[in-house]
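Chemist: Below are the sequence and a predicted model; questions follow.
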Amino acid sequence: MHGGAPKGHPHQVPGMKGGHGEGPGHGHGKGKEGGEKIWTPRLIAWELTRSCNLDCIHCRAAARFGPYDNELTTQECFDFLDNVKSFSSPIIIMTGGEPMLRDDIWEIAKHGTDIGLRMVMAPCGFLVTEETVQKMLDSGIQRLSFSIDGATEQSHDDFRRVKGAFASVMTAIENCNKMGMEFQVNTTISKHNLHELEDILKLVIKLGAKAHHPFLLVPTGRGAELKDQEISPEDYEKTLSWFYDMRDEVPIQFKPTCAPHYYRIFRQKETEKGIKVTPETHGMDAMSKGCMGGQSFAFVSHVGKVQICGFLEEECGDIRKEPFSTIWDTSKVFKEMRAWDDYNGRCGYCEFRSVCGGCRARAFAFTGDYMDEEPFCTYHPSDKAKDARDAKKAKKAAEKDK
């Protein structure tokens, strides 16, 4: 499950206020000497197990039933949560695979709740019964996310490659509604279901979801075989514009994920209306950033490997070797993610780099370099923006040489 406080959304959260110059802040002010920004995790996706009862065609983890060797022990899970809480209070997304395949899942969830973390979960659906929903509530889990990737049973099951997957999610949602557990719906968008988006949104609203978050396909894991299923950059732009048009037309929170340039489009369209985007007028939308990887978001694998997100398989550390807090502060990759001016190509000098950032995982999938420009963005920044970025970097270099 990939918010924060706004509308209880557990997936897209901004970083701390007051950080990085232009655009929304993702640090929390300056360090003790008034210098380097301090960055704080607001959302951690935690792959508690890679074992799964589905075989989804787009799965980042290429997960199967398992069991998988060397997964984190119960005590290691407790220690990780304790360390996270020692310096931050992010939302913890318990995901997988299927997180409910761990025998100790309720103990882990309750431990996180007891120390003051907001625990949410992304189950597949098959195991979400009235009994297990009650266990979720008892352990303090506050929201679930379910995936619906087609407006019909056939469309969804074809994508998930498991007959009955759609029916299982419908039953799981019915049980959540009956037991008072709030949920959101995520949808992976590709050529497979692009034509169904409006019908999927109507279904999500009808089911009673608190939020709908479409994910733009990132070609990693099994998804690497689906590069031909990625919608074109032109369709990408049209789809993100449609999201913007619909955001005030629906009764639930509706915004895309893994689509960083939505926040560029959002600001462009508000500017066209003569509206200034501020926290006072737009709440979290004014403080959210497209790509949060390594800035306010992190991913931890079933064996303790840390990444900026689940889609970019570039190891940034290992919680079995050093605390997560140390990795968060010192990882070379995390530091690169926070240096927006150093991104390659258009992303490094785009006027919207502080609110977008491009998808680092998508860049890596297409070029082999996670610092490269977002390959599915049609926007071309001005020469003036490039000159301003270059002048800023030159000034910083000169100050460093003094």
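Modeler: Structure's in. What do you need?
Chemist: helices or strands up against the helix or strand harbouring residue 263?
Modeler: In this structure, residue 263 sits in helix 262-272 according to DSSP states H and E. Packing partners of helix 262-272 (3 or more Cβ pairs under 8 Å, 6 or more residues apart in numbering; DSSP states H and E): helix 233-246. Every residue, glycine included, has its C-beta placed from N, CA and C.
Chemist: What residues sit buried inside the helix it packs on?
Modeler: For helix 233-246, burial by neighbour count (16 or more other Cβ atoms under 10 Å) applies to 236-237, 239-240, 243-244.
Chemist: hang on, residue 185 in a strand?
Modeler: Yes - assigned with DSSP: H, G, I helix; E, B strand; the rest coil, residue 185 falls within a strand.
Chemist: For the remainder of this discussion, apply numbering that starts at 27.
Modeler: Understood, numbering begins at 27; the last thing we discussed is residue 211.
Chemist: okay, how far is it across stretch 128-147, tip to tip?
Modeler: Taking Cα to Cα, to the nearest Å, stretch 128-147 runs 13 Å from one end to the other.
Chemist: no, scratch that, I was asking about stretch 331-350
Modeler: 10 Å.
Chemist: Can you name the next helix or strand after the worst-scoring helix or strand of the chain on mean pLDDT?
Modeler: None of the helices or strands of the chain scores lower by mean pLDDT, DSSP states H and E than strand 53-56, at a mean of 39. Where DSSP H and E defines the elements, the next helix or strand beyond strand 53-56 is strand 63-65.
Chemist: just checking, next helix/strand downstream of that following strand?
Modeler: strand 69-73.
Chemist: tell me the mean pLDDT over the longest helix along the chain?
Modeler: Longest helix in the chain, counting residues (DSSP state H): helix 409-427. For helix 409-427, mean pLDDT is 88.
Chemist: again with stretch 148-166
Modeler: 96.
Chemist: Could I get the full set of helices for the stretch 177-326 of the chain?
Modeler: 179-186, 191-205, 223-233, 259-272, 288-298, 305-308 (DSSP state H, counting those that start in this stretch).
Chemist: Nearest to residue 153 among the ones you listed would be which one?
Modeler: Of all the helices of the stretch 177-326 of the chain, helix 191-205 sits nearest to residue 153, with 8.2 Å by Cβ to Cβ.
Chemist: hmm, who's touching the closest one?
Modeler: 80, 149-152, 154-156, 159-160, 163, 170, 172-174, 176, 178-179, 182-183, 186, 207-209, 233-235 (Cβ atoms under 8 Å, 6 or more residues apart in numbering).
Chemist: and residue 182, what does it touch?
Modeler: Taking Cβ under 8 Å, 6+ apart as the test, what residue 182 contacts is 174-176, 191-192, 195.
Chemist: could you measure the nearest residue to residue 170 once chain neighbours are set aside against residue 137, distance?
Modeler: In space, and not counting its chain neighbours, residue 170 is closest to residue 209: 4.5 Å by Cβ to Cβ, 6 or more residues apart in numbering. Per Cβ to Cβ, to the nearest Å, residue 209 is found 23 Å from residue 137.
Chemist: For these two, indicate the residue with more neighbours.
Modeler: residue 209 (26 against 19; other Cβ atoms under 10 Å).
Chemist: Quick one, grab the pLDDT at the more buried one.
Modeler: Reading off the model, residue 209 has pLDDT 98.
Chemist: and the nearest residue to residue 349 once chain neighbours are set aside, helix, strand or coil?
Modeler: With Cβ to Cβ, 6+ apart as the criterion, residue 349 has its nearest non-adjacent residue at 4.7 Å, and that residue is residue 109. Under three-state DSSP, residue 109 falls in the helix class.
Chemist: what distance separates the start and the end of stretch 290-310?
Modeler: Stretch 290-310 has its terminal residues 15 Å apart, counting by Cα to Cα.
Chemist: for the stretch 227-376 of the chain, what are the low-confidence residue spans?
Modeler: 246-253 (pLDDT under 70).
Chemist: same check, this time on the stretch 77-226 of the chain
Modeler: Looking at the stretch 77-226 of the chain by pLDDT under 70, you get 79-93.
Chemist: re earlier: closest to residue 416 among the buried residues of helix 259-272?
Modeler: So of the buried residues of helix 259-272, ranked by how close each gets to residue 416 (Cβ to Cβ), first place is residue 263, at 27.1 Å.
Chemist: List the contacts of that closest one.
Modeler: Contacts of residue 263 by Cβ under 8 Å, 6+ apart are 287, 291, 404.
Chemist: Go through those and name the one nearest residue 353.
Modeler: Taking these together and measuring to residue 353 by Cβ to Cβ, the closest member is residue 287, at 28.2 Å.
Chemist: so the closest one touches residue 381, yeah?
Modeler: No - in this structure residue 287 lies outside contact range of residue 381 using Cβ atoms under 8 Å: 9.4 Å.
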